[in-house]
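Visitor: build the 3D model from these lines:
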Amino acid sequence: MATRSLNMLPEDCISAIVSLTSPPDTCRLMLASSSLRSAAESDLVWSRFLPSDLPQLLSRAHTQLGFRSKKELFFQLCDSILIDGGVSCFTLNKVSGKKSFLLSARALSISLSNEPNHWTWTTHSTSRFSEVIELKTISNLEIKGRIGTQDLSPNTTYGAYLIIKVSDHAFGLDSIPSETSISKDECAVTNTTYLCPMDEQKQQLGSLFFMNRRQMMEKRVVEGDGRRPSKRGDGWLEVELGEFFVGGKGEMVKMNLMEVKGHQLKGGLIIEGIEVRPKC
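Guide: Next up is the predicted model:
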């Protein structure tokens, strides 16, 4: 009945109504009625689902995009595009149309990253970037990223995630938790995380032989949850650094992970970057 009523309206009116829904609703409407497909596919509809700063985003694209309609452009952006000379990646959420960014290791500030004795820049077949960075050996680990809220979707809570892999020859990454922080508008929220996924057998052995030492080391860092990395669908791991809310005004958000209190050599950490995406 509702579809029949819509069919009685001019196409421009139908497009205006559909544009007030969401991308999934629009796609369902296209499948439900062939007579409404033209209105639902119109640029008027899909322009409403694209970011308001679209011209600036397209000007930052690493390669020129080719598209015949705003709907085609929307789904290209949902598949992610490289921007800023290939050191960052931009994505639209297919459901909400909200923006996400992935800052590559090259876009981050990583302590001693240009010292070949400590780090090596290399390629990885599953990375979206031409380079990732792998830790050879270091005692103090500092990773810092920043993003302006004007680049993000307003009135949205975002999470920041360090995207990593842990090589088979990794060492020293879990001797003490790393400290994480999210800073915005002079306010900082801190937490702690480990850089290796939970290994039950190693944890049992560690509890048996090194419990006192571990407890002593953990007292050196700020109080936190001692989070663990979680697996992603793309084969990488992610460590949550924290979350923040994007209001109406432009602010700089600083995202940090540091392990500078254990004074123990560590290596085998592979860093793709920091992803900033809307939280569910």
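
Visitor: per-residue confidence for residue 21?
Guide: At residue 21, the model reports a pLDDT of 84.

Visitor: residues in contact with residue 196?
Guide: 166, 170, 173, 174, 228, 229 (Cβ atoms under 8 Å, 6 or more residues apart in numbering). (Glycine included, C-beta is placed from N, CA and C.)

Visitor: and the residue lying closest to it once chain neighbours are set aside, what's its pLDDT?
Guide: Distances taken as Cβ to Cβ, 6 or more residues apart in numbering place residue 174 nearest to residue 196, at 4.8 Å, with adjacent residues excluded. As predicted, residue 174 sits at a pLDDT of 82.

Visitor: contacting residues around the helix or strand that contains residue 74?
Guide: Here residue 74 sits within helix 70-78, counting by DSSP states H and E. Residues from elsewhere that reach helix 70-78, judged by Cβ under 8 Å, 6+ apart: 23, 41, 43, 45-47, 49-50, 65, 67, 90-94, 97.

Visitor: narrow those to those in helices?
Guide: 23, 43, 45, 46, 47 (DSSP state H).

Visitor: spatially, which two of the contacts of helix 70-78 are the most separated?
Guide: Across these, the longest distance by Cβ to Cβ is 23.6 Å; it joins 41 and 90.

Visitor: before we move on, back to that, distance of the residue nearest to residue 196 relative to residue 266?
Guide: To residue 266, residue 174 is 9 Å away according to Cβ to Cβ, to the nearest Å.

Visitor: again, but for residue 138
Guide: To residue 266, residue 138 is 6 Å away according to Cβ to Cβ.

Visitor: what do you get for residue 95?
Guide: Taking Cβ to Cβ, one finds residue 95 at 39 Å from residue 266.

Visitor: got the contact list for residue 259?
Guide: 140, 141, 176, 177, 178, 179, 266.

Visitor: of all those residues, which comes closest to residue 106?
Guide: Closest approach to residue 106 among these (Cβ to Cβ): residue 141, at 17.5 Å.

Visitor: once you drop chain neighbours, what's closest to the closest one?
Guide: residue 259 (4.4 Å).

Visitor: next: residue 266.
Guide: Residue 266's closest residue in space is residue 172 (Cβ to Cβ, 6+ apart), at 3.3 Å.
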